[in-house]
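Trainee: pasting the sequence and the predicted model now:
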Amino acid sequence: MLAMENIGIHFTGNIFLLILGSLSAIFFTIYAYRITIPNISKAYKIFLITIRSIAVLLLLLLIFEPILTYMNKLTITPYNLIFVDNSKSISVNKNINEIKSLINNSNNKENVNVYTFGSKITEIDKDSLNRIDYSEASTDFSKIFKFISNNNFDISSLTIISDGNITEGISPIYESEKLNFPIYTIGIGDTTIKKDVSISKVDFNKYIYANTPTQISATINNTLFPNKTVYVSFFEDNKLIERKNIALTKDGINNLSFDYLPADYGEKKLSIKIENLVVEENINNNTKTFFINVLKSKLKILLISGSPSNDLSILKTTLNGNKDYSVNSLTLISNNTFLEKENINNLLDSSDIYFLIGFPSISASTEFITKIKNKINIEKKPFLFLLSNNIDFVMLNLIIDELPFNLNNTNNNVNEVIPSVIKSELSNPILQISDEDILKSWNNLPPVYQSISDFIVKPGAKVLSEIVLNNIQIKKPLIISNNIAGKRSISILASEIWRWKLIGENGKNNFFDRLIFNSVKWLNSDENKKRIIIKPAKKLFALNEDVEFTAQIYDESLNPISNADVNAIVKHIKTNTSTNINFTSKGNGLYEGVLQTNVSEDYSFTGTASLNGKLLGNDSGKFNIGEIDQELANTKLNSELLKLISNNTNGLYFPISKANEFVKLLSDKKMNNETTKLIKSEISLWSDEWFLIIIVLLFSIEWFIRKRLNMM
């Protein structure tokens, strides 16, 4: 409810000057109309004096910039929001009917809004309680807080009715702490300790390579099954790889590992399963299924150096220290002669990333340089370029088209410089070399040597660091990154960067290693290779859950394409039946599609994108429907999470059995929760066009009457 509280007018100038000026204007107007030619009636004189006085007074007011201020009193009754967990895990509770009873009692109160949450947010009213069917395939608390932030509610309290088991999204603890109103939680779920055995965690290496042995580790938890013997099996694409017989421990935790040797590369569905025990209460948590992407081989890096150097040695040592890299080198020692006795063409063809260190030098042949250029230009090999002292600037012109800079006034003389990172690039992934102050880490580096040649950065390239010379910052590039038309490169325009290896060698953070590994990761980014990205929202879906797909489509310059034709063919692997999905454009190169099916099993998909009948590219993958229902894997009440949310926000926790206490609390909040808010509004009269129109109108009326009376 809105009510006017008070009103006032304010001036920027001295009010006494305004009064004095107003009185003077009135007296002058009276004096001017004291004697008129011709003489007019007294009524006309009074009317004309009044019109002119008002007009002059309004002009004076404009000079003093009047501002009209008024206060409105707004009475606010904030909302109490109730969110009910509508996921499958709630459906197995015996006291489920108490939820609808609580909602009915709460819905009788004013300013109470009820919603369900799970995989989505849905508003519920008195006539739609049957929509609460506890069938959603996930529990995502983060959707509650996103919904609140996207809606302009005046909120008195937030209530969450749930078992506290999160199966999707992030933990609500951090988001809840930022709210300025209490959160009440009502717990529903089983609190009794029951016999159960489950797989709580699976660990494996981030990078797994074909024909390279690795281990898959699992943690098995058990309740009330001490010394019980069970079989645990490991599967790849539903094919048994290994089976182990273990005795469950008294402390309830077993750790075991399976040897895994993938025969080929690609996406693999892996599963670990515990045999079902006869007296076990819940068998939905006896299986853990996950997907991994087996890589073809280790990342192959080729160091091509114009001559032996300290930079070459340090780079080779650093890269060899990463077990996920396979490192080779080609080092020129004389005219087109290499130190290594390797098949040059095989190395050039099989390598994923090049490091050009002081290359090309005068020892390199034009033929070899041309091969490197073609690999970069045609096959889009990503590379890191290091401008060492032994580089030959004449030979460098042969590959200058592939570099992110041009050269002027080439000179082999050098300056001793230190980096000066561009502050706007501090978040660039290449520069993330410290867990602490990144800028401070870069500023503490020892100097390196840079040619006094002029480097002109090409359009589209990004300067990450400039230089400091003799304590003076100079706008001359030191580190440049480039990502145009699917080609990526990093250029470090200096030599003797091995000195940076000295920083952090004995400390917590090794600056040099992080810089090189970050560079490799950026150069090998999937974004560099894939312009067509089509994938499901997740890998494991519950039965009857919508399988949502997203797609990202880019052209060769990685500009988004929003008018492409995108579709996917989804194939049921077991029956070989297929379904076609057409995607809808959401703008900015993003597309969405949905598959609806009630058939469980493994699925594969192949998605394609085309524009004006021309194929842009494709993508493929796998997913599973119905093998694991995450919602039913854990139906026990997680009261600790619910209590933590309430305690962090000065709220309260109630078990569902004490729902009547919550309803009473809600009634009390309604009685005592009305607040008033004063809203101040201002109108600048001096800038209002109607104010000026009135002044002009008054002077016009005076002029018109004077003309009609033939006055001078």
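Mentor: Looks like it arrived, so ask away. Numbers count the residues shown, from 1 in each chain.
Trainee: in three-state terms, label the nearest residue to residue 47 once chain neighbours are set aside for me.
Mentor: Leaving aside its chain neighbours, residue 47 sits nearest to residue 705 (7.4 Å; criterion: C-beta to C-beta, 6 or more residues apart in numbering). (Each C-beta comes from the backbone N, C-alpha and C, glycine too.) Assigned by DSSP: H, G, I helix; E, B strand; the rest coil, the conformation of residue 705 is helix.
Trainee: which element is the closest residue to residue 338 other than its chain neighbours on?
Mentor: Sequence neighbours aside, residue 330 is the residue nearest to residue 338 in space, at 5.2 Å (criterion: C-beta to C-beta, 6+ apart). Element membership for residue 330 (DSSP states H and E) is strand 325-334.
Trainee: what's the average pLDDT for that strand?
Mentor: For strand 325-334, the mean pLDDT works out to 92.
Trainee: given that strand, what are its sheet partners and their directions?
Mentor: Sheet pairing here is set by DSSP bridges, and for strand 325-334 it gives strand 299-305 (parallel), strand 337-338 (antiparallel).
Trainee: helices or strands next to the following helix or strand past the shortest one in the packing?
Mentor: In the C-terminal direction, the helix or strand that comes right after strand 337-338 (DSSP H and E) is helix 344-350. On a contact count with 3 or more C-beta pairs under 8 Å, 6 or more residues apart in numbering; DSSP states H and E, helix 344-350 meets strand 299-305, strand 325-334, helix 366-377.
Trainee: got the contact list for helix 344-350?
Mentor: For helix 344-350, contacts defined as C-beta atoms under 8 Å, 6 or more residues apart in numbering pick out 300, 302, 328, 330, 338, 368, 371, 372, 375.
Trainee: swap the cut-off to 7 Å and go again
Mentor: 300, 302, 328, 330, 371, 375 (C-beta atoms under 7 Å, 6 or more residues apart in numbering).
Trainee: quick one: which of those is nearest to residue 273?
Mentor: Proximity of the contacts of helix 344-350 to residue 273 (C-beta to C-beta) peaks at residue 300, which lies at 36.3 Å.
Trainee: and that closest one, what does it touch?
Mentor: 326, 350, 351, 352.
Trainee: could you check how far it is from residue 330?
Mentor: Going from residue 300 to residue 330 by C-beta to C-beta, to the nearest Å gives 13 Å.
Trainee: tell me the domain boundaries of this structure?
Mentor: Using automatic domain parsing, the domain parsing of the chain gives 2-73+682-708, 99-188+636-672, 196-295, 299-527, 530-630.
Trainee: and the helix or strand hosting residue 479, what's buried?
Mentor: Assigning secondary structure by DSSP H and E places residue 479 in strand 472-484. Residues 476, 477, 478, 479, 480, 481, 482, 483 are the ones in strand 472-484 that count as buried (16 or more other C-beta atoms under 10 Å).
Trainee: name the helices or strands packed onto it?
Mentor: strand 414-421, strand 454-457, strand 462-469, strand 487-492 (3 or more C-beta pairs under 7 Å, 6 or more residues apart in numbering; DSSP states H and E).
Trainee: which one of those is the most hemmed in?
Mentor: For the helices and strands packed on strand 472-484, average neighbour numbers computed from mean count of other C-beta atoms under 10 Å are highest in strand 487-492, which has a mean of 22.
Trainee: residue 78 is in contact with residue 154, correct?
Mentor: Yes. Counting by C-beta atoms under 7 Å, residue 78 is a contact partner of residue 154 at 4.1 Å.
Trainee: which one's more surrounded, those two?
Mentor: In this view residue 154 and residue 78 are compared by other C-beta atoms under 10 Å, and residue 78 has more residues nearby, 17 against 12.
Trainee: quick one, longest helix in the protein?
Mentor: Longest helix in the chain by number of residues (criterion: DSSP state H): helix 42-63.
Trainee: and the next element down the chain from it?
Mentor: In N-to-C order, the element after helix 42-63 by DSSP H and E is strand 67-76.
Trainee: now that following strand: mean pLDDT?
Mentor: 75.
Trainee: show me what the very next helix or strand once past that strand is packed up against.
Mentor: Going down the chain from strand 67-76, the next helix or strand is strand 79-85, by DSSP H and E. Strand 79-85 sits against helix 97-107, strand 112-117, strand 155-162, with contacts defined as 3+ C-beta pairs under 7 Å, 6+ apart.
Trainee: name every strand pairing with strand 79-85 and say which way it goes.
Mentor: Paired neighbours of strand 79-85 in the sheet (DSSP bridges): strand 112-117 (parallel), strand 155-162 (parallel).
Trainee: just so I know, which of those strands lies nearest residue 27?
Mentor: strand 155-162 (60.5 Å).
Trainee: any idea how far residue 102 is from residue 585?
Mentor: 43 Å.
Trainee: next one: stretch 336-353 to chain centre, how far?
Mentor: Computed by C-alpha atoms, centre = their mean, to the nearest Å, the chain-centroid distance of stretch 336-353 equals 41 Å.
Trainee: in that stretch, what counts as buried?
Mentor: Of the residues in stretch 336-353, 338, 347, 348, 351, 352, 353 count as buried by neighbour count, 16+ other C-beta under 10 Å.
Trainee: for the residue lying closest to residue 474 once chain neighbours are set aside, give the beta-bridge partners.
Mentor: Nearest residue to residue 474, sequence neighbours excluded (C-beta to C-beta, 6+ apart): residue 467, at 5.4 Å. Note on residue 467: beta-bridge partners residue 419, residue 474, judged by DSSP bridges.
Trainee: show me the contacts for residue 467.
Mentor: Neighbours of residue 467 in contact, by C-beta under 7 Å, 6+ apart: 417, 419, 420, 450, 474, 476, 478.
Trainee: how much space between it and residue 503?
Mentor: 18 Å.
Trainee: C-terminal to the helix or strand of the chain with the lowest mean pLDDT, what's the next element?
Mentor: Ranked by mean pLDDT, DSSP states H and E, the weakest helix or strand in the chain is helix 526-529, scoring a mean of 55. Following helix 526-529 in sequence order, the next helix or strand is strand 532-536 (DSSP H and E).
Trainee: need the CA coordinates for that next one. PDB is fine.
Mentor: Taking C-alpha atoms only, strand 532-536 is exported to PDB below (Å, rounded to 0.1, in the frame of the first residue of the first chain):
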ATOM      1  CA  ILE A 532      31.400 -28.400 -34.100                       C
ATOM      2  CA  ILE A 533      30.600 -29.400 -30.500                       C
ATOM      3  CA  ILE A 534      27.500 -31.600 -30.000                       C
ATOM      4  CA  LYS A 535      27.000 -33.300 -26.700                       C
ATOM      5  CA  PRO A 536      24.300 -34.400 -24.200                       C
END
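Trainee: could you give me the average pLDDT of it?
Mentor: pLDDT averaged over strand 532-536 gives 92.
Trainee: no further questions, thank you.
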